[in-house]
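Colleague: please work out how this folds:
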Amino acid sequence: MADPVAIEVQNFFKQYLKGERNFFKINLSKVNLSGLHLAKANLNQANLGGANLNGAHLRGAMLSQANLRGAALYGSNLREANLRGVDCQGANLSGADLRGADLREANLTAARLYGADLSEANISDANLSRAKLSGAVLRSANLKRAILIEAEISCAILRDVNLVQADLSRADLTYTVLHSGDLSQAILTDTDLSRADLDWLILEGTNLSSELVLDWT
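Modeller: Numbering: from 1, shown residues only. Sure thing, here's the model as predicted:
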């Protein structure tokens with residue numbers, strides 16, 4: 001009996017070569033899609049768990065509520081993509097271009113985003129607990145109400161970022177550039193800001209309790 005998943009994958013590549021870009025709810029779990037051009041493709045609610053999308057061109061793609069758990073997206077182009085509600089837990093997005101992407105309510109728990117560019121991305125209400133954001137660029141990113149508990153954000157650039165009501169408990173922001181950001185009502189319990197470059201921050205109502213680290217020596 002033919003494997004229905006294998007048939008779906010075969011059909012995907014046939015349709016892809018014909019120029020089709022509507023793949024709503026398709027199952028491409030663990031499939032090698034590296035380097036494919038899927039700009040503006042409809043992959044809403046698709047199952048891409050564990051898929052290889054390294055270097056894929058997904059600019060403007062629709063991936064709302066897609067499953068990308070454990071997927072490899074190293075160096076992929078996701079600029080202005082719709083990733084609202086996507087599940088990227090444990091995914092590797094290091095070096096990815098996520099400028100202007102919609103990541104509202106996304107699950108990025110333990111995701112690797114080393115050196116990724118998230119400038120002007122909307123990451124509000126997303127879960128980035130234990131995410132790896134070292135060296136990432138988040139210029140003018142919206143992280144309102146984002147959960148960044150125990151996130152690794154060292155050596156990152158956070159200029160003009162919105163962190164209103166964000167939870168940065170036990171997060172590592174060492175050597176981070178944090179300028180002109182709004183941290184109103186943010187939670188900074190046990191946050192490590194040692195050697196961070198801080199300037200022109202809004203801290204109205206910010207929770208600075210417990211062992212906040214501010215060591216510039």
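
Colleague: identify the residues contacting the residue most central in space within the chain.
Modeller: Centre of the chain computed as the mean C-alpha position; nearest residue by C-alpha atoms, centre = their mean is Leu108, 5.9 Å away. Going by C-beta atoms under 8 Å, 6 or more residues apart in numbering, Leu108 touches Cys88, Gln89, Ala91, Ile123, Ala126, Asn127, Leu128, Ala131. Heads up, the C-betas are built off the backbone N, CA and C, glycines and all.

Colleague: distance check, it against Ala126.
Modeller: 6 Å (C-beta to C-beta, to the nearest Å).

Colleague: buried stuff in the helix or strand of the chain with the lowest mean pLDDT?
Modeller: Every helix and strand in the chain was compared by mean pLDDT, DSSP states H and E; the lowest is helix 4-17, with a mean of 83. For helix 4-17, the buried set under the neighbour-count rule, 16 or more other C-beta atoms under 10 Å, comprises Val9, Phe12, Tyr16.

Colleague: dump the residues you listed into a markdown table; add distance to Ser29 as well.
Modeller: Shown next, in a markdown table, are the buried residues of helix 4-17 (distance: C-beta to C-beta, whole Å):
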| residue | distance to Ser29 |
| --- | --- |
| Val9 | 9 |
| Phe12 | 12 |
| Tyr16 | 16 |
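
Colleague: thinking again about what came up before, can I get the least confident helix or strand of the chain in PDB, CA atoms only?
Modeller: Only the C-alpha atoms of helix 4-17 are listed here, as PDB (Å, rounded to 0.1, in the frame of the first residue of the first chain):
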ATOM      1  CA  PRO A   4       0.000   8.700   1.700                       C
ATOM      2  CA  VAL A   5       2.700  11.100   3.000                       C
ATOM      3  CA  ALA A   6       5.100  10.100   0.300                       C
ATOM      4  CA  ILE A   7       2.400  10.600  -2.300                       C
ATOM      5  CA  GLU A   8       1.700  14.100  -0.900                       C
ATOM      6  CA  VAL A   9       5.400  14.900  -1.100                       C
ATOM      7  CA  GLN A  10       5.600  13.800  -4.700                       C
ATOM      8  CA  ASN A  11       2.500  15.800  -5.600                       C
ATOM      9  CA  PHE A  12       4.000  18.800  -3.900                       C
ATOM     10  CA  PHE A  13       7.200  18.800  -6.000                       C
ATOM     11  CA  LYS A  14       5.100  18.200  -9.200                       C
ATOM     12  CA  GLN A  15       2.900  21.200  -8.400                       C
ATOM     13  CA  TYR A  16       5.800  23.300  -7.200                       C
ATOM     14  CA  LEU A  17       7.600  22.700 -10.600                       C
END
